[in-house]
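Novice: Here is my input; please provide its structure:
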Amino acid sequence: MTIPTSMADSYLGPFNLKPKPPSLFNFPFTFSPFSTSLSFSLMARHCLCSSSSPTSVSSTGSHHQPSLLVFSGGTAFNGVVEELKKLTTRVAHVLPVSDDGGSTAEIVRVLGGPAVGDIRSRCLRLSDQSTSEARAVRILLGHRLPLDPQRAKSEWYDIVEGSHDLWQGVSKPYRETIRAFLAYFQDQILRRSDELFCFSNGSIGNFFFAGARLFFQSLDAAIFLFSRVSEIPAESLVLPVISTNERLTLGCELLDGTVIRGQNEISHPTHGSMQPIDKEASSAPALPSRIKRIFYMSSEGSNLLHEVFPNVNPTVLEQLRSVDCIIFAMGSLFTSICPSLVLLGVGETISSRTCPKVLLLNGTHDRETSGFDASCFVTAITDALNRTYGNPHNCLKNPTAILMLLGISCLFPGPAYETSQTLELTGAYIFKQNDGANES
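Specialist: Numbering: from 1, shown residues only. Take a look at the predicted model:
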C-alpha cells in the first residue's frame, strides 16, 4: 500500500508500506507482527513470553521481564503506565524538562531550574498503591491548590505546618520527610523577596520536587528521593533527558521562518493565565505553518533567541544501548517527544540498535500536528533523530548508512487516520551519507 504524496515525500521520497515482520537480531523474546487495532496489553504480552501464555509480573522475577525505554511527555502516556506496570516494571521513562506552563512555570520563574512537572506526573503514576499509607502519600503529592490565590496560599500554609487533612494516613517518618522539603521550598521562595510567588493551582508534588532539587542541587538526587518516598519499583527509572540545574527553554522554527519561544506557546498558549492547561483539548488554533525543527534556546543574557546545545543525560544513552525495545509514545509530537530526540548522541545510539522500535500514534490531531498523516509523524521523528532540520542532506554522518527506524511498528489507535490497521514499517528509512536518498 502506497501512502499518497505528502510533506513526508518532500523529505524522504515516496515509500511503500509492506506488512512483514521487523528484523529482530538478538531480541530474546518472540515478537509477532501485529494484526489488530491498538492494544498495548497485547503488544506487551508479545514481548513478555516466547512460547507460553503471558505471565504476570508478580509471578516472575524482574530480571525475566523485558526491558523498555519510552520517550514520552508527562500526560498522554500516563494512561498506559498503570497497565504497563502489570506486565513489566523494567521501564526507563525518558521525559523532557522544558515545560513552561502552569504550576511549573511559576516555579521556574521565581526559582529557576529545569521544569519538574512531567517528571513528577510520571513518578506519581509509577508510585505504589498497595497500602493505605502509599495511597495517602500519592494523594498528597498529587494535590493541587485552589485557583483563587488567597485560598491557595492559606491552604499551602496549612500543608506546610502539617495541620491539613491531607496528612491523615501519612505516618510520622514520611510526614516529617515530606514536610522538610516543602518547608525548604517555602524558605527559598521567601529568600526571593523581589519576586512574589503565586500559589494558584500549585502542585504539592512539584513544590516537594523543587525543594528537593534545590536542597541537593541535583535533579537526579531529587528524582531518587521522590522515587523512594512514593515507593516506585527500583527497576523503574524516571530519567530527565537532560540532567541539569539550569532553566531550559524550548523553541521551534516553522517552515515559513517564524520562530516561537517556549513549549507552552508552541503547544498550548494560555497568554499568562494560571488556569489549568487542558492538554487533551484541540481548541487552540493550528500553527500558521508546520514545524520545521525543534531546538533549545538560551534562558540567560540579552539574546534570548540564541540557540544552545545541552548534553543528553548519560544514563539515557546507557539505557538505549541495553533495552529490549524502544517506544516513541503518544503525546505532543514536537514538544514532548522530539525534544528528547534532537540531542547529540540519541540518534547515533538508536541507529546502532536492532531491537524493535514502536511508534504509538495519537488518537487525534493537536495544534502541532494539524493535517498530519502517519507518514508525517514518522518523518518528524526521523528528522529529529537525524537532526536534519528539514533538509535530508544534513543527516547523521555514518560511514555506511544511517538506519533510524529498523522494523518500527506503527500503531493506529483511532479515527484520526481513518484506519484501525497496524502497519509494519520495515527498514523504510535509511539515509545514506553520499546522496541522502532513502531505500527500503
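Novice: Report how many residues lie close to the closest residue to Val346 other than its chain neighbours.
Specialist: Once flanking residues are discounted, Val346 sits nearest to Val312: 5.8 Å by C-beta to C-beta, 6 or more residues apart in numbering. (C-beta placed from N, C-alpha, C; glycine too.) By other C-beta atoms under 10 Å, the residues close to Val312 number 21.
Novice: so who does Val312 touch?
Specialist: For Val312, the contact set (C-beta atoms under 8 Å, 6 or more residues apart in numbering) comprises Val241, Ile242, Leu343, Leu344, Gly345, Val346.
Novice: closest to Tyr184 among the residues you listed?
Specialist: In terms of C-beta to C-beta, no member of the contacts of Val312 lies closer to Tyr184 than Ile242, at 23.5 Å.
Novice: is it true that that closest one touches Val97?
Specialist: Yes. With contacts counted by C-beta atoms under 8 Å, Ile242 reaches Val97, the gap being 5.7 Å.
Novice: any common contacting residues for these two?
Specialist: Joint contacts of Ile242 and Val97 (C-beta under 8 Å, 6+ apart) are Pro114, Leu248.
Novice: So if I had to pick from these two, which one is more boxed in?
Specialist: Taking other C-beta under 10 Å, Ile242 and Val97 do not tie; Val97 has more neighbours (27 against 21).
Novice: Which parts of the stretch 151-300 of the chain are helices?
Specialist: Using DSSP state H, counting those that start in this stretch, the helices found in the stretch 151-300 of the chain span residues 172-191, 204-216, 219-229, 263-267.
Novice: Asp373: which of those is closest?
Specialist: helix 263-267 (19.8 Å).
Novice: and the closest one, average pLDDT?
Specialist: Taken as a whole, helix 263-267 has an average pLDDT of 88.
Novice: And stretch 313-331, by the same measure?
Specialist: Stretch 313-331 comes out at a mean pLDDT of 96.
Novice: what's the span of it from first residue to last?
Specialist: Chord length of stretch 313-331, first to last residue, is 21 Å (C-alpha to C-alpha, to the nearest Å).
Novice: Return the set of buried residues in it.
Specialist: Buried residues in stretch 313-331, counted by 16 or more other C-beta atoms under 10 Å: 313, 315-317, 319-320, 323-331.
Novice: what does stretch 173-185 give?
Specialist: Tyr174, Arg175, Thr177, Ile178, Arg179, Phe181, Leu182, Tyr184, Phe185.
Novice: just to revisit the earlier point, out of the buried residues of stretch 313-331, which are inside helices?
Specialist: Thr315, Val316, Leu317, Gln319, Leu320 (DSSP state H).
Novice: Let me have those residues in JSON lines, adding distance to Phe208 as columns.
Specialist: Converted to JSON lines, those look like this (distance: C-beta to C-beta, whole Å):
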{"residue": "Thr315", "distance to Phe208": "22"}
{"residue": "Val316", "distance to Phe208": "24"}
{"residue": "Leu317", "distance to Phe208": "29"}
{"residue": "Gln319", "distance to Phe208": "25"}
{"residue": "Leu320", "distance to Phe208": "29"}
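Novice: Which pair in those has the greatest spatial separation?
Specialist: Thr315 and Leu320 (9.7 Å).
Novice: So Leu254 is in contact with Ala286, correct?
Specialist: No. The criterion here is C-beta under 8 Å, and Leu254 misses it with Ala286 at 11.2 Å.
Novice: Can you give me the domain assignment for this structure?
Specialist: 1-113+239-440, 128-231 (automatic domain parsing).
Novice: Which of those domains comes out lowest on mean pLDDT?
Specialist: domain 1-113+239-440 (a mean of 70).
Novice: and after the host helix or strand of Arg109, which helix or strand comes next?
Specialist: Assigned by DSSP states H and E, Arg109 belongs to helix 102-111. Once helix 102-111 ends, the next helix or strand along the chain (criterion: DSSP H and E) is helix 117-126.
Novice: circling back to that earlier point, quick check on the contacts of Val312: which are buried?
Specialist: Buried among the contacts of Val312 (16+ other C-beta under 10 Å): Val241, Ile242, Leu343, Val346.
Novice: From the residues you listed, which land in strands?
Specialist: Judged by DSSP state E, those include no members of strands.
Novice: out of these, who's nearest Ala92?
Specialist: Nearest to Ala92, judged by C-beta to C-beta, of those is Val241 at 10.9 Å.
Novice: which one is the closest one nearest to, not counting chain neighbours?
Specialist: Excluding its sequence neighbours, the residue lying closest to Val241 (C-beta to C-beta, 6+ apart) is Ser340, at 4.1 Å.
Novice: Would you agree the one you found is in contact with Pro96?
Specialist: Yes. With contacts counted by C-beta under 8 Å, Ser340 reaches Pro96, the gap being 5.8 Å.
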